[in-house]
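Engineer: With the input below, show me the fold.
(chains A, B, C and D)
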Number of protein chains: 2
Amino acid sequence: MSETNTRVPLTERDLTDTTEGCPVREVLDRVGDKWSVLIIVMLGQRTHRYGELARAIDGISQRMLTLTLRALVRDGLVERTAHASVPPRVDYTLTELGHTLLEPLTALDHWANEHREDIRAARERHDRAKDQQHG
Amino acid sequence: MSETNTRVPLTERDLTDTTEGCPVREVLDRVGDKWSVLIIVMLGQRTHRYGELARAIDGISQRMLTLTLRALVRDGLVERTAHASVPPRVDYTLTELGHTLLEPLTALDHWANEHREDIRAARERHDRAKDQQHG
DNA sequence: CTGGATCCCGCAAGATACTG
DNA sequence: CAGTATCTTGCGGGATCCAG
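Structural biologist: Residues are numbered from 1 along each chain as shown, chains lettered A, B, ... in the order given. Next up, the predicted model:
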């Protein structure tokens, strides 16, 4: 509510006030779960049917697919379109809002691609050091 | 979104292969939890002591602070420096790698700031529609 | 002050079976 | 095909006490 951004990266206040609204935490709560991002990116490529998502996203249960889609629809990131046909057909499409989210998600993806090896290395180094301690 | 992005945003392959390494999922697994981002951002501003973090981050338990810090150190995002003094003093600092992560996180933060109201509105609209259904 | 070790609980989420 | 309903479990994470 005070000066709404311009270039200041992140302020301490913004992030530690858990009751009010910490923006990063807020979006992470929406998207930080196990499946939301997968679905968003799938839909970022094209509209998908329920069953397509179920088959494409390895390991997801019907229950979680439904729940996650519902949450995304509720937040205005995804639009649900039910065709009254038989057999029934339901399409899920990324909204404009959803598409805008794709960009920062992509930034995160690029970071991950660039640094995954660094992390893997750091982890291995760390674990090896620990192993030595224990003899 | 219609501009100089020569990179393909995200590929379906990258995201659906859960066994191998889906980059976004990988970083989300590291950072998508309740506290990691808060800590990273705190440390992004300056080095903090354990107790400082404990007091600054509202609601975190000692246990979770310790566990989260351990994980971040292991991944090479945070560096732990124990001073052999009495009383003991331990400083936590963001590493170079940790700082690079701050950028995509900031992108996410900006998105959140710009669109939190959209989400709130969408949610309210959605909930109101549901209420009407139930009479 | 900086943690480690335990105990414990709630809820996220998987499996399964059923329905319009 | 696109969900819903129910049952069950794992484990994330809080509280508390102990230790160097």
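Engineer: contacting residues for residue A:89?
Structural biologist: When contacts are counted by C-beta atoms under 8 Å, 6 or more residues apart in numbering or on different chains, residue A:89 touches A:49, A:82, A:83. To be clear about C-beta, it is placed using only N, CA and C from the backbone, and glycine gets the same treatment.
Engineer: Look up phi and psi at it.
Structural biologist: phi -140, psi 130 (degrees, to the nearest 10).
Engineer: Spell out the residue ranges of the strands in chain A.
Structural biologist: Secondary structure of chain A (DSSP state E): strands at A:48-49, A:78-83, A:89-94.
Engineer: closest to residue B:67 out of those?
Structural biologist: strand A:78-83 (33.3 Å; C-beta to C-beta).
Engineer: hang on, the earlier thing: I'd like to know which of the contacts of residue A:89 is nearest to residue A:91.
Structural biologist: Ranked by distance to residue A:91 (C-beta to C-beta), the contacts of residue A:89 are led by residue A:49 at 5.9 Å.
Engineer: What distance do you get for the nearest residue to that closest one once chain neighbours are set aside to residue A:100?
Structural biologist: Once flanking residues are discounted, residue A:49 sits nearest to residue A:91: 5.9 Å by C-beta to C-beta, 6 or more residues apart in numbering or on different chains. Counting by C-beta to C-beta, to the nearest Å, the gap from residue A:91 to residue A:100 is 20 Å.
Engineer: What of residue A:54?
Structural biologist: 26 Å.
Engineer: Between those two, which is the more surrounded one?
Structural biologist: residue A:100 (17 against 14; other C-beta atoms under 10 Å in any protein chain shown).
Engineer: those helices in chain A, which residues are they?
Structural biologist: A:12-16, A:23-31, A:36-45, A:50-56, A:62-74, A:96-134 (DSSP state H).
Engineer: winner for burial among the ones you listed?
Structural biologist: With neighbours defined as mean count of other C-beta atoms under 10 Å in any protein chain shown, those peak in mean count at helix A:36-45, which reaches a mean of 23.
Engineer: Show residues contacting it.
Structural biologist: A:30-31, A:48, A:53, A:56-57, A:60, A:65, A:68-69, A:71-72, A:77-78, A:92-94, A:98-99, A:101-102, A:105, B:9-10, B:12, B:15-16, B:22, B:24-25, B:28.
Engineer: what residues are up against the closest residue to DNA strand D within chain A?
Structural biologist: In chain A, the residue that lies nearest DNA strand D is residue A:51 (2.7 Å; C-beta to the nearest atom of the strand). Residues near residue A:51 by C-beta under 8 Å, 6+ apart: none.
Engineer: got a pLDDT number for it?
Structural biologist: pLDDT, residue A:51: 98.
Engineer: how much space between residue A:47 and residue B:119?
Structural biologist: Residue A:47 sits 21 Å away from residue B:119, taking C-beta to C-beta as the criterion.
Engineer: With residue A:98 instead?
Structural biologist: 11 Å.
Engineer: Now list whatever residues contact both of the two.
Structural biologist: Residues touching both residue A:98 and residue B:119 (C-beta under 8 Å, 6+ apart): A:76, A:77.
Engineer: quick one: residue A:51 from residue A:75, how far?
Structural biologist: Distance from residue A:51 to residue A:75, by C-beta to C-beta: 23 Å.
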